[in-house]
Structure formats: C-alpha cells, structure tokens
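Peer 1: Below is the sequence, then the predicted model.
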Amino acid sequence: MFLMKLHRFVLHYAAINLLFSGVLLFGESDRPSSVLAIEKLGGLALPMPRGGWEVGFHLQGRESFEDEGLKALKNLGEIISLNLRDTKITSKGLVHLQGLVSLCRLHLERTSIDNSGLKNLSKLKNLEYLNLYQTQVSDDGLRHLSDLKKLKKLFLWDTKVSDEGVRELQKSLPQLFVSRGLNLEKLAADAPKPSPPKPRASMKWLSSSGTESPPTKSTPGSPIQVTFLNKSKQSVKLVWIDYGGGQKLYGEISAGGSREQNTYSEAVWLITDLNDKPLGHFVTGQEDANGVIPSN
Amino acid sequence: MLSISHSRRKFLQSGVGLAGLTLPTFLKARLSSNSLSGKAKSCIIIYTWGGMSHYESFDPKPEAPVDFRGEFNPIDTATPGMQFCEHIPLLAKHSEKLAVIRSVHHKQGGHQQGMYVSLTGHDPVPGIKAKGRNNRPSLTSMLSYFHNPAVGTPSAIRMPYSMFDNGKQMAGEGAGWLGTKHDPVLLRTPAGKPYAGVNRYSDKELNLTLNLTEKRVGNRNALLEQLEDTLAWRVGHETAYDQLDHYRRMASDILLGSPVRKAHDLESEDPRIRAMYGDHMGGQSLLLSRRLVEAGVPVVQAVCSASDLAGGGGDNWDTHRDHFPKMKNRLLPVFDRSASALLTDLEMRGMLDETLVVFLTDFGRTPKINGNGGRDHHPGVYSLVLAGGGIRGGQVYGSSDSKGAEPGSDPCAPADVHATVYKAMGIDHSMELHDQQGRPFRICDGNPLPLT
C-alpha cells in the first residue's frame, strides 16, 4: 500500500517537475522535431492561443543565432510572432522571412540589419507590429514598408530615419503609429545639472568633560559618509560604538590629519587619545557631515 | 540523515513538496490561461510603501476647502479633463498611457493589514507572520505561478528589500500557500542613492556582486552534485530532491551567467538612460525592472520607498508629519522621474503593449490635514494606476467624493484591480486552485474592471 502510494507520488512529482522545469506544454517526446530544431539553435517556439507559433531567439540565442538558423523556420508552420532582438542575423538572412506570410509581429531591434533587409519584408501583408529600434535603417528602407496595409505600430528609436521619411510612410499608411523615441543627446543636454555639492554639515562635538552625554549605542540607519578632522595636537583613536554598546576600534588619526569614513546615520563615534582616554563623541545625522576634533 | 518515511511525511506537509497542488488542477490552470487573449506577457508592480496620498498625486481636489485640499495645485495632463498634482508633471505627460482608478477602497487601516490586502487581495487574519506558509500569495507570486520562463530565470523578482514596519518584516510579499518555489527572488538593486531613513539590506537579498569567481562556483556545484547523488540514493526520491534544490540551482545559474545576470549589470546600460531614470534607488530599480523583463523575467516588483516605516525622517510615504515638504522635495520627484522614465523607456522600445505596469500602495491619506501638517491613514478611498499591457490609457475609472473621503462612483476593491491585472495577463481570475489539504482557493475574489 505504502509502495503504491509512493509510486504514484513520485510519478506525479516527475510530471510536475517536467512542467515546472521550463519544458512547457509537452514532454520531451511530444515536441515536434521542428520545435526541437529551434531549441537547438537557442530559440523557443510556443504555440499561440488561437493557433500558430510564437518564436523567439532573443534570450538564449543572443550570442549564437545567425542567418543560417533562419532556415529552420520554414518547417514550423504558421509563425505569428518572431523575435530576433540582439541576434547576429544580417540583412541577407531576412530573405528567409519572405515566406512567413502569417507573421503579425516582428522584432528586429538591436541587430545589424539595414535598408536592404527591409526589402524582404514587403510581402508580409499581415504584419501589424515591426520593431527596428537601434538598427541602421533610414528613409530609403522605410519605402519598402509602404504596402504593409495592416501595419499599426513601427518602432524607430535611434535609427537613421528623418521626419521627412516618416511622414512619407504615414501618407501611404495613415493608421500607422510611429514611435521615434527620445533624442538621447538632447536628453543629456537637458538633464538637470548635478547640483553643486552642498556644504557639509558639521557634527556636534560632545566633549567627555562636558555635561552632554552621548547615546550609549548606535542605531541602524542608512549609509552616509563622514570626514573626521583632527585639529588637536595629539593623535587620536577612532572608535565606533556598536548596536549593543560595545566598542570597535577603526583606526587612528594623527594630529592635523583627517579620515574619510563610511558609516550610517544615527551612529555613535568615540574619540580617545592613544591611551584610550575618552576625549569626546560624535553622533551622525542623516546626511554626509564633517566631525572636527577641536584643538584644546 | 533523513529516513525515507520521515522525509515523505515532511514533504507532504511542507509547502515546498507539491507546491500545494495536485496534478490535474495544475494542468487545468495552464490550459485556461492559454485560452484567454490577454496581451501582457510581463508585469512590473511598483509599490509605494507607507500609503500614498491620493490628493497629492492622481486625484487632486482643488474645489475642496483648503484644510482638505492641501497646499498644492492641480495641473492639466495630456488628457483633457484629467488633472494630477502639480508635483508629478512628468507623469502628467504620460496620462494617455494611464488608466487612473480613483475609487479604490478597503477597511484595513494599519500598514501590515493595508499592504496585505493591497498585495494579496484578501483581508488578513490576525497574527499573520511574514514567513507564514498559510498566507495568501502576493499578486507577484500568483502571477509568476502562471509563467514558465527559461531554466535559470526566476519567474518573479522583487527588489530592493522587504517591507518592514518598526523593525518587523511584513507579511504579504511571499507566495504563502503556493509554496516556497513561488516566493519571488529578492534582489538587491546594485545602484542608486538609497532612500533616506531606515533601509534594511539584509543578507537575504540575492546580491549578484558577490565575490565568487566562476571556478569557485563551479567547484561548489561539483561538490554539491556528489553530495546529492549520495543523498538521493539514500532517500530514494531523486525528483523530489531536485525540487527542493530549485533555488540553489537557480542561484548558481544566475551567478554563472544568463540573461538575468547581464540584465542586473546596470553598468552596461547607456549612461544617458540611467540618468533619465535618476541616480536614486527608485529610478535604478525601475531601470532594472525594465531590463529584467527584457531578459525574460515575467513578473517584477519594485518597492519605491525606504524599507522601514520607523523613523519619521525617512523617505517612505507614511507622512503623518511634514507631509507637504516631504512630498514636494523628496517623495514625488523621485517617483515622478522614475515612473515616467519607465513608461518612456518601455514605449520607445516597443515593450509597452506587452508589459503591464501596476501602481499599488497601502491606502490613501486622510482628507483633513492633521495638527502636524500631515495626513494619516485613509483606506476609505484612494487611487491606483494601471498602464501598458493592453490597458486603455487616457481614462479615469470611478471617482472619489468632493472631499476625497469616500468613493463617489464605481467603488472597487484591491481585489478588483487584481482581477483586472489577471485578465490583462490572460489568466482566468475566477479559477480555483487546491492546496495540499484539498481546500479550494479562488485565485482572486474580485471582478475585472472594464479597462482594456
């Protein structure tokens, strides 16, 4: 009885494991060879809800996928969506897309394709979405798209097209939404100038011979930077009071010297002489600050 | 070492074992998720921890008396008839992408309870704990359950830290009864000036800048494999052991290089784009979110706030005192810049139609300004926003009353917003799953709003 239950358990387990481990709807033996061929090339082919396939080489196939691999697409049947972002394909390879007449969505962004490649897309009458950002296309290339009557969205950020070329295309395709994206150079020029460094606040020196007593321990806070400046005539030790009240030596600062220290807000720092006699404390605030150890 | 019977029983009891599901239910879930025509493939959830005032963001009330409407003025957006607070001018320009829901409400007045209902869609039971395995799954976890990215890519990532209140970690961000496998991976954003206030980085965040060379990780893996072979033979459940090891495997896949590791390396992003998002944790987290989505992570959650609500001086949205200076000088500028950079970035890369952006917060803030120049908690009505992923932009859904105190028209709950998200992502919100005890759970109790 126990063994039977165990057996079923392990079987269910294995099945779920397969489903969970990136093998999507089918077991290894159930996937068509055309799909397996695409996976071997670093791609993924998923069935779409209403039939047809969605194919992408943009994740695992980035470094390796080339024009040669596009030949594998013709065995798959109706490809609705194809993602070639970041792959090593060239304009020449796009000749293999000519037959993909069901294609609705095509990603060619961040590849080396240029105007000559776009010629191969002119018969893809079902194309609705075309992404060409950060490619070498220019106005000449746009001309090849003027017969794509179903094209609704075209992405041209950081390409060589001009306003003129885009306007021409929109005359043939009045439904077309074109995204030109940002002009990065203008963006950099318009960026708010970094504000001049604020003069640093100064932390209050709480002398050990004074009446104000510092907190007995540090409180966890956010990272800040402080500079300790030793204006006294003797070398001093720099000690951090930890979250439990214990002391932790961080170093020494010679007379007239300074020390940059990464710390946190609401931290307590103790200054002693070289014989560990307490001289005073600082307590950090929320901002970067200076801590001046006075000459006395 | 584990004996066979001990481990089997432990398995069936723990959430990790079967991920709380039986096989037939799981298959049903996948099939129905494919049969809906949601367009969004990925989701970015932006959480403003502490409770963002609806007055000083998406639902200004210029007509209300001055001690209700506050110090700021409204500005026009790119959508005629829709106004935002003057201190989110960049988001105002994106209004044609946004669906602003102004009539959200619930009954949870505390941060833990407000966050729990906002992220899970359900009211909390008393005494819930952050790591509770009977908790409801967060929206992030539940969405990730329906997605199967490539091996080595987490299905959900959250960043940059967990939400705390007064040093205590809050419940609501994990996968609860869905099982540890669906807990979003906690990732530390590697750049950007931290929010001031208490930011609790702990050792639990996956920090990809660990000083581990490939060789060292490879050696560890080899050792681990030897150990596993031995243990698996003794325990007798090889596949079960694999499942337990899911996170360790995935962590080393990430460490060794993958689209996710490359996405995490913000140094490889164009510095002008980095500057567009802003050199602060909020901005760099949203930049990282975009990169992770591009790298194939289906769901990303970014907390845009200091992580611990303790310490009134911090950059969290819980503005009981000095509300107006904090909003104007610290909170809204970062939020405005980060979120609008994300929308610009997604749009120009052609990603916006397949990436759903969801803005969530605990609750709104009280209509009457208190004695400390602040606003207190107010779940009575507040605003949430959806963008991308097939959501129709340039629209306002529902309204709050003239004082901003209660829903005026079309009241809705956080669960309804979740249902809208599921629908946009092609998931049937009314689907039932069963946990290990066979109890049925409807994944969402709300109804989708007509926003697509």
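Peer 2: Yes, it's here.

Peer 1: nearest spatial neighbour of the residue in chain B that chain A sits nearest to, skipping sequence neighbours?
Peer 2: Proximity of chain B to chain A (CB to the nearest CB) peaks at residue B:348, 3.3 Å away. Just so you know, the C-beta spots here come from the backbone N, C-alpha and C atoms, and that holds for glycine as well. For residue B:348, ignoring the flanking residues on the chain, the nearest one in space by CB to CB, 6 or more residues apart in numbering or on different chains is residue A:181 at 3.3 Å.

Peer 1: what does residue A:37 give?
Peer 2: According to CB to CB, 6+ apart, the nearest residue to residue A:37 is residue A:72 (5.0 Å).

Peer 1: do you know how far that neighbour is from chain B?
Peer 2: Here residue A:72 is placed at a distance of 19 Å from chain B (CB to the nearest CB, to the nearest Å).

Peer 1: from the stretch 51-200 of chain A, which residue is nearest to chain B?
Peer 2: Closest point on the stretch 51-200 of chain A to chain B, by CB to the nearest CB, is residue A:181, at 3.3 Å.

Peer 1: Distance of that residue relative to residue B:349?
Peer 2: Distance from residue A:181 to residue B:349, counting by CB to CB, to the nearest Å: 8 Å.

Peer 1: Repeat that for residue B:377.
Peer 2: In terms of CB to CB, residue B:377 sits 38 Å off from residue B:349.

Peer 1: and what of residue A:108?
Peer 2: On the measure of CB to CB, residue A:108 and residue B:349 end up 13 Å apart.

Peer 1: Between the two, which has more neighbouring residues?
Peer 2: Applying other CB atoms under 10 Å in any protein chain shown to residue A:108 and residue B:349 shows that residue A:108 carries more neighbours, namely 27 against 22.

Peer 1: For the stretch 251-400 of chain B, which segments count as strands?
Peer 2: Using DSSP state E, counting those that start in this stretch, the strands of the stretch 251-400 of chain B run over B:299-303, B:355-361, B:364-365, B:377-378, B:382-388, B:395-397, B:399-400.

Peer 1: Parallel or antiparallel, list what pairs with the fourth one.
Peer 2: In its sheet, strand B:377-378 lies beside strand B:364-365 (antiparallel), with partners assigned from DSSP bridges.

Peer 1: same question, the last one
Peer 2: Partner strands for strand B:399-400, per DSSP bridges, with pairing direction: strand B:407-409 (antiparallel).

Peer 1: Following the chain onward from the strand it pairs with, which element is next?
Peer 2: Downstream of strand B:407-409, the next assigned helix or strand under DSSP states H and E is helix B:414-424.

Peer 1: any bit of that following helix sitting next to chain A?
Peer 2: No. Helix B:414-424 does not reach chain A (CB under 8 Å from any CB of the partner chain); its nearest approach is 13.9 Å.

Peer 1: So which residues make contact with that helix?
Peer 2: B:36, B:38-40, B:43, B:101, B:104, B:106, B:117-118, B:121-122, B:139, B:143, B:356, B:358, B:360, B:384, B:386, B:389-391, B:428-429, B:443-449, B:451-452 (CB atoms under 8 Å, 6 or more residues apart in numbering or on different chains).

Peer 1: For residue A:108 and residue B:349, list the residues in contact with both.
Peer 2: Contacts common to residue A:108 and residue B:349, judged by CB under 8 Å, 6+ apart, are residue A:131.

Peer 1: which ones are touching residue A:153?
Peer 2: Residue A:153 neighbours (CB under 8 Å, 6+ apart): A:128, A:129, A:130, A:176, A:177, A:179, B:350, B:353.

Peer 1: Could you give the bridge partners of it?
Peer 2: If you apply DSSP bridges, the partners that residue A:153 bridges to are residue A:129, residue A:177.

Peer 1: So which bits of the stretch 151-296 of chain A are right by chain B?
Peer 2: A:153, A:155, A:157, A:179-182, A:184-185, A:187-188, A:191, A:220-223, A:265, A:286.

Peer 1: Have a look at chain B and report the helix or strand with the lowest mean pLDDT.
Peer 2: Lowest mean confidence among the helices and strands of chain B (mean pLDDT, DSSP states H and E): helix B:15-18, at a mean of 32.

Peer 1: Distance check, residue B:44 against residue B:98.
Peer 2: Residue B:44 is 14 Å from residue B:98, by CB to CB.

Peer 1: more crowded one of those two?
Peer 2: Between residue B:44 and residue B:98, counted using other CB under 10 Å, residue B:98 has the larger neighbour count: 29 against 25.

Peer 1: which phi and psi does the more buried one have?
Peer 2: phi -100, psi 140 (degrees, to the nearest 10).

Peer 1: So it sits against residue B:383, correct?
Peer 2: No. Using CB atoms under 8 Å as the test, residue B:98 is too far from residue B:383 to be in contact (10.6 Å).

Peer 1: residue contacts, residue B:68?
Peer 2: By CB under 8 Å, 6+ apart, the neighbours of residue B:68 are B:55, B:61, B:367, B:368, B:369, B:403, B:404.

Peer 1: change it to 10 Å
Peer 2: For residue B:68, the contact set (CB atoms under 10 Å, 6 or more residues apart in numbering or on different chains) comprises B:55, B:61, B:366, B:367, B:368, B:369, B:375, B:402, B:403, B:404, B:405.

Peer 1: residues from the stretch 301-450 of chain B in reach of chain A?
Peer 2: Neighbours of chain A within the stretch 301-450 of chain B, by CB under 10 Å from any CB of the partner chain: B:306-308, B:310-311, B:313-315, B:337, B:341, B:344-345, B:347-354, B:426.

Peer 1: Which members of those occur in helices, if any?
Peer 2: Those of these mapping onto helices are B:337, B:341, B:344, B:345, B:347, B:348, per DSSP state H.
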